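**Q** Output the structure for:
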Amino acid sequence: MWQNALTARATHCFVRLFIRKIMRTKLLIYIVCVAVLAVKPVFCFASSLTIKINSPTKSYQNHHQFKLLVTFSNVSKQSFVVFPAYIRREYSPLDGQSIQYTPYPGPVIDPWFSAILLDPGQSKIVTYNGIRDGDGLWNLMPGRYQLAVTLNVLPNSYDYPTPNKKMAGKNIWHGNITSETINIDYLHEK
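**A** Numbering: from 1, shown residues only. Modelled structure (predicted):
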């Protein structure tokens, strides 16, 4: 009888120790999971992204007619999020015109509004209408211009919660990259 009590007590102690060990392991796993989720993913290799520009309206009379196509291509082996809202145009006059840039007086544009997810090897085209970029308006005199675009995403410049659940927790591209130039002609309005 006393042997059964001793066996029951030993079994009870073993079970208690086993449960404690499981609880400690669960707590450790929970802490690791929370720590991993708290870290914001960042993807910082500028060479992982290429951008190219083109326009079906390289000659136009009304600035509302101008269309700019920007192709974002992921040349890496990882998926990441790109923020087209951070595209900035760079106009250079080819025949001496003046250029004026007027910053947009409103609030900063939420970069997640136009965010795109690029899988490895994937390209997406974003169309910009008119001569306005993310935070301002370019005022051009009629003439010939070279146009390039720059994507400049600084770390922590996207500290907004994402409304898109499929992009939550994804790597975020940041860096500075400039496209090659194209020539455009802004003609006199008729």
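
**Q** Leu154: neighbour count?
**A** For Leu154, the neighbour count with other C-beta atoms under 10 Å is 10. Quick note: C-beta positions are derived from backbone N, CA and C, even for glycine.

**Q** Use 29 as the first number from now on
**A** Yes, from this point I'll number from 29; that puts the last item at Leu182.

**Q** Contacts only, for the residue nearest to Pro121 when sequence neighbours are not counted.
**A** Nearest non-adjacent residue to Pro121, counting by C-beta to C-beta, 6 or more residues apart in numbering: Tyr173, 5.7 Å away. For Tyr173, the contacting residues are Tyr119, Ser120, Pro121, Leu122, Gln125, Ile127, Asn211, Ile212, Asp213, Tyr214, by C-beta atoms under 8 Å, 6 or more residues apart in numbering.

**Q** try 10 Å this time
**A** 117-123, 125, 127, 166, 209-214 (C-beta atoms under 10 Å, 6 or more residues apart in numbering).

**Q** Taking those residues, tell me the two that lie furthest apart.
**A** Arg117 and Asp123 (18.4 Å; C-beta to C-beta).

**Q** helices and strands around the helix or strand harbouring Val154, which ones?
**A** Secondary-structure element containing Val154, defined by DSSP states H and E: strand 151-157. Secondary-structure packing of strand 151-157 (3 or more C-beta pairs under 10 Å, 6 or more residues apart in numbering; DSSP states H and E): strand 77-82, strand 95-102, strand 115-121, strand 144-146.

**Q** Just the pLDDT at the nearest residue to Leu96 once chain neighbours are set aside, thanks.
**A** Spatially, and ignoring its direct neighbours in sequence, Leu96 is nearest to Tyr156 (4.3 Å; C-beta to C-beta, 6+ apart). The model reports Tyr156 with a pLDDT of 88.
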